[in-house]
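**Student:** attaching a predicted model along with its sequence, questions to come.
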Amino acid sequence: MIDDLPLFQPTPMQRRIIDAAVEIQQCQPETPEFLHAVLCQVGMPRARTKERFFSGTTGRPASP
C-alpha cells in the first residue's frame, strides 16, 4: 500500500537547499539582482536595417 511507504526525510543540507529554492521561487523582485555577463551583451547593427528586427552572432562566450 502507498500509505506504508516511508516519508522522505531530507538531510539538514537538503532541507536548506529546498528552503532556499522555495524562497527564491516565491521572491519576485522588481529589479534583477544578478545579470550574467552573457545575458548582458547587447548587439546592435552597424548600419540601418530594412527589417524591424536584427539578429547577429558574436561568437562563443568566453570562459571565466
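**Tutor:** That came through, no problem. Numbers count the residues shown, from 1 in each chain.

**Student:** pull the helix or strand with minimum mean pLDDT from this protein.
**Tutor:** Using mean pLDDT, DSSP states H and E, helix 37-40 stands out as the lowest-scoring helix or strand of the chain, at a mean of 64.

**Student:** list the buried residues in the longest helix anywhere in the chain.
**Tutor:** Criterion DSSP state H: the longest helix present in the chain is helix 12-26. Buried residues in helix 12-26, defined by neighbour count with 16 or more other CB atoms under 10 Å: none. For glycine as for every other residue, the C-beta is placed from the backbone atoms N, C-alpha and C.

**Student:** what mean pLDDT does it get?
**Tutor:** Per-residue pLDDT over helix 12-26 has a mean of 91.

**Student:** could I have it exported to PDB, CA atoms only?
**Tutor:** Provided in PDB are the C-alpha atoms of helix 12-26 (Å, rounded to 0.1, in the frame of the first residue of the first chain):
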ATOM      1  CA  PRO A  12      19.900  19.100   7.000                       C
ATOM      2  CA  MET A  13      21.800  20.200   3.900                       C
ATOM      3  CA  GLN A  14      19.000  19.100   1.600                       C
ATOM      4  CA  ARG A  15      16.500  20.900   3.800                       C
ATOM      5  CA  ARG A  16      18.500  24.200   3.500                       C
ATOM      6  CA  ILE A  17      18.700  23.800  -0.300                       C
ATOM      7  CA  ILE A  18      14.900  23.100  -0.500                       C
ATOM      8  CA  ASP A  19      14.100  26.100   1.700                       C
ATOM      9  CA  ALA A  20      16.400  28.400  -0.300                       C
ATOM     10  CA  ALA A  21      14.800  27.200  -3.600                       C
ATOM     11  CA  VAL A  22      11.300  27.900  -2.200                       C
ATOM     12  CA  GLU A  23      12.400  31.400  -1.100                       C
ATOM     13  CA  ILE A  24      14.000  32.200  -4.400                       C
ATOM     14  CA  GLN A  25      10.900  31.000  -6.300                       C
ATOM     15  CA  GLN A  26       8.500  33.000  -4.200                       C
END
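
**Student:** what's it in contact with?
**Tutor:** residue 10 (CB atoms under 8 Å, 6 or more residues apart in numbering).
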